[in-house]
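J.: Here is my input, please return the structure:
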Amino acid sequence: MIEVEQVTKTYKLGDHSFDALKSVSLKIEKGEFVAILGSSGSGKSTLMHLIGGLDRPTSGKIVVDGEDLSTLNDGKLARFRNEKIGFVFQFFNLLPTASTLNNVIMPLIYTKKKGVQRVPKATEVLTSVGLGEKLRNRPNQLSGGEQQRVSLARALVNDPEIILADEPTGNLDSKTGEQIFELLTTLNKQGKTVIVVTHDQDLATAAGRIIRLKDGEVVT
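T.: Now for the predicted structure:
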């Protein structure tokens, strides 16, 4: 499903540069639940952004579902992300003035689904994450855990094969974080490939496999 081959990502800061990732290689099979574990600055979020096509490596190759991401122009890469990958972020990234329903509808606007199909689909997905009664609420009317569920519903609405979650529990209390991980585990059991970036050792153990990063390199 996902192949990362000798990937390096270098950032420039003025006259200086540093390697956020250093010749990283790994494989993730279809249907796996993988936790990418590491401390702040280890390169784990950089790796997730590269796998998700949100950024491009300085060198090396990333192949996702048979597609070499380096061969895609920006337009094709955007379509690939929208169709194949669902993103969940630590800070939710919800539109503050839009309702729960409209936040989840957003990814459908860039697909071939007609307008009349969007509301039923978004409603179905929100109901599946336990928010069927809060379709008209705005983000500031929801708890942190509920906002993360909206983010998860938005990630699922296009029925992607891969879920990438970057510190999805970072702004949540421990109990709510466990609930989000339980939802991700359920999605994995339904056939989704789930990759979670986290610094939480306890939550990472819920995944089927842990990949540890330290200073931009895979250490296990």
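J.: Quick check: end-to-end length of stretch 183-202?
T.: 16 Å (CA to CA, to the nearest Å).
J.: Please apply the same query to stretch 11-20.
T.: Distance across stretch 11-20, first residue to last, is 7 Å (CA to CA).
J.: How about stretch 38-47?
T.: End-to-end distance of stretch 38-47 (CA to CA): 11 Å.
J.: mind listing what's buried in that stretch?
T.: For stretch 38-47, burial by neighbour count (16 or more other CB atoms under 10 Å) applies to 38, 42, 43, 44, 45, 46, 47. C-beta coordinates here come from the backbone N, C-alpha and C atoms, glycine included.
J.: Just the pLDDT at the third one, thanks.
T.: Right, the one you point to is residue 43. On pLDDT, residue 43 comes in at 91.
J.: Identify the residues contacting it.
T.: Counting by CB atoms under 8 Å, 6 or more residues apart in numbering, residue 43 makes contact with 9, 20, 21, 24, 213, 215, 216, 217.
J.: other SSEs contacting the longest helix that the chain contains?
T.: Criterion DSSP state H: the longest helix present in the chain is helix 174-189. Judged by 3 or more CB pairs under 8 Å, 6 or more residues apart in numbering; DSSP states H and E, the packing partners of helix 174-189 are strand 33-37, helix 144-156, strand 162-166, strand 193-198, helix 201-204.
J.: how about those, which one is nearest residue 68?
T.: For the helices and strands packed on helix 174-189, distance to residue 68 was read as CB to CB. The smallest value, 15.8 Å, belongs to strand 162-166.
J.: relative to strand 33-37, how tilted is that closest one?
T.: Angle of strand 162-166 versus strand 33-37, following axes from the mean of the first three to the mean of the last three CA atoms, to 10 degrees, is 20 degrees.
J.: Can you show me the strands along this protein?
T.: Counting by DSSP state E, residue ranges of the strands within the chain are 2-13, 16-28, 33-37, 59-64, 67-68, 85-89, 162-166, 193-198, 209-214, 217-218.
J.: between those strands, which gets nearest to residue 150?
T.: strand 85-89 (10.1 Å).
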